[in-house]
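> predicted model, plus sequence, below.
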Amino acid sequence: MRKSFLLAVLSGALSIANAAPLEITDARGANIEDMVKLPVKGLQAIQSKGQIMFVSDNGRFVFTGQVIDLWSKKELSTMKQMRDASETLNFKALGLDPKSLNAISIGTGKNEVVVFVDPYCAVCHKLMTESKSLLKDYTFRFIVVPALGDKSNVLSKQIFCAKDKNKTFEAFTTNAIQSLAQIPNCNTEGYDKTLIAAQILGVEGVPMVIAPNGRYAKGYPAKMAEWLAGNK
């Protein structure tokens, strides 16, 4: 039903874009060839008859013209480029080093995996436990964020301010974060940076897993080892 609605909207939009009189036409004439949900709230890209247009979720507004991805510093002129941009996150392009965030790091592998987690997230605990069998191939950066409320915020800060970072993984996975010795008068500037980074990257839930090639999964990937191997 949603696609039929967009077909109708696009028919009118194409008429306007081609400077033709606006008239009610058969929606099937719009012929949507491809559609990409962009990582922008309320906007998606649609290709019809070789023309790329951008349509608001409610179908009211249609945009045409040049799109530049400031993170990768390049123009997105094809649907493939837009799909890649919508499905990947590149920390280097943003000038972000995951180690500078509220990170728990384990592993020695050359392939880096970034995972956003919350102290109260049971699925996150399960994922982190599974990751221990993959440490030869990957280095995991578990970015701890308070996705589940105020109580999570307290424990997340305690991870950031822990005196001994080597103890944070075990404390997290055994629900013993409150036992971690804390840095006196801890400077939480880096913690605030983590919250800002999560917001910019669109972290709306946990776990969120970012593979070595930038592909990401919202939730626990089924057969995680295979998923990571396919996204090195």
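Cool, got the structure. Numbering: from 1, shown residues only.

> what sits closest to residue 32 if chain neighbours are left out?
Counting by Cβ to Cβ, 6 or more residues apart in numbering, the nearest residue to residue 32 once its immediate chain neighbours are dropped is residue 48, at 5.3 Å. Every C-beta, even on glycine, is put in place using the N, C-alpha and C of the backbone.

> what are the phi and psi values at the one you found?
Backbone torsions of residue 48, given as degrees, to the nearest 10, read phi -140, psi 130.

> residue 109 too?
The main-chain torsion angles of residue 109 are listed as degrees, to the nearest 10 and equal phi -70, psi 160.

> near the nearest residue to residue 111 once chain neighbours are set aside, how many other residues are there?
Leaving aside its chain neighbours, residue 111 sits nearest to residue 212 (4.1 Å; criterion: Cβ to Cβ, 6+ apart). Residues within reach of residue 212, counting by other Cβ atoms under 10 Å, total 18.

> and if you look at the one 5 residues further on?
Residue 217 has 18 neighbouring residues, counting by other Cβ under 10 Å.

> for the chain, which segments count as helices?
Assignment of helices within the chain using DSSP state H yields the ranges 2-17, 79-87, 91-94, 122-131, 150-160, 168-173, 189-200, 224-229.

> who does the residue nearest to residue 32 bridge with?
Residue 48 has these beta-bridge partners by DSSP bridges: residue 32, residue 51.

> verify the contact between it and residue 31 for me.
Yes - the pair residue 48 / residue 31 is scored as a contact, 5.6 Å apart, by Cβ atoms under 8 Å.

> more neighbours: which of those two?
Counting neighbours by other Cβ under 10 Å for residue 48 and for residue 31 shows that residue 48 has the greater number, 20 against 13.

> and the more buried one, how far from residue 172?
In this view, residue 48 and residue 172 are 48 Å apart by Cβ to Cβ, to the nearest Å.

> one more: residue 54?
Remark: distance between residue 54 and residue 172 (Cβ to Cβ) = 41 Å.

> more crowded one of those two?
Using other Cβ under 10 Å, the more surrounded residue of residue 54 and residue 172 is residue 172, with 24 against 19.

> re earlier: and the helices of the chain as JSON lines, adding distance to residue 113 and mean pLDDT?
As requested, the helices of the chain are arranged in JSON lines below (distance: least, Cβ to Cβ, whole Å; pLDDT from 0 to 100):
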{"stretch": "helix 2-17", "distance to residue 113": "34", "mean pLDDT": "45"}
{"stretch": "helix 79-87", "distance to residue 113": "16", "mean pLDDT": "92"}
{"stretch": "helix 91-94", "distance to residue 113": "11", "mean pLDDT": "81"}
{"stretch": "helix 122-131", "distance to residue 113": "8", "mean pLDDT": "96"}
{"stretch": "helix 150-160", "distance to residue 113": "18", "mean pLDDT": "97"}
{"stretch": "helix 168-173", "distance to residue 113": "14", "mean pLDDT": "98"}
{"stretch": "helix 189-200", "distance to residue 113": "16", "mean pLDDT": "94"}
{"stretch": "helix 224-229", "distance to residue 113": "6", "mean pLDDT": "95"}
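
> closest to residue 207 out of those?
Closest of the helices of the chain to residue 207 is helix 122-131, at 4.8 Å (criterion: Cβ to Cβ).
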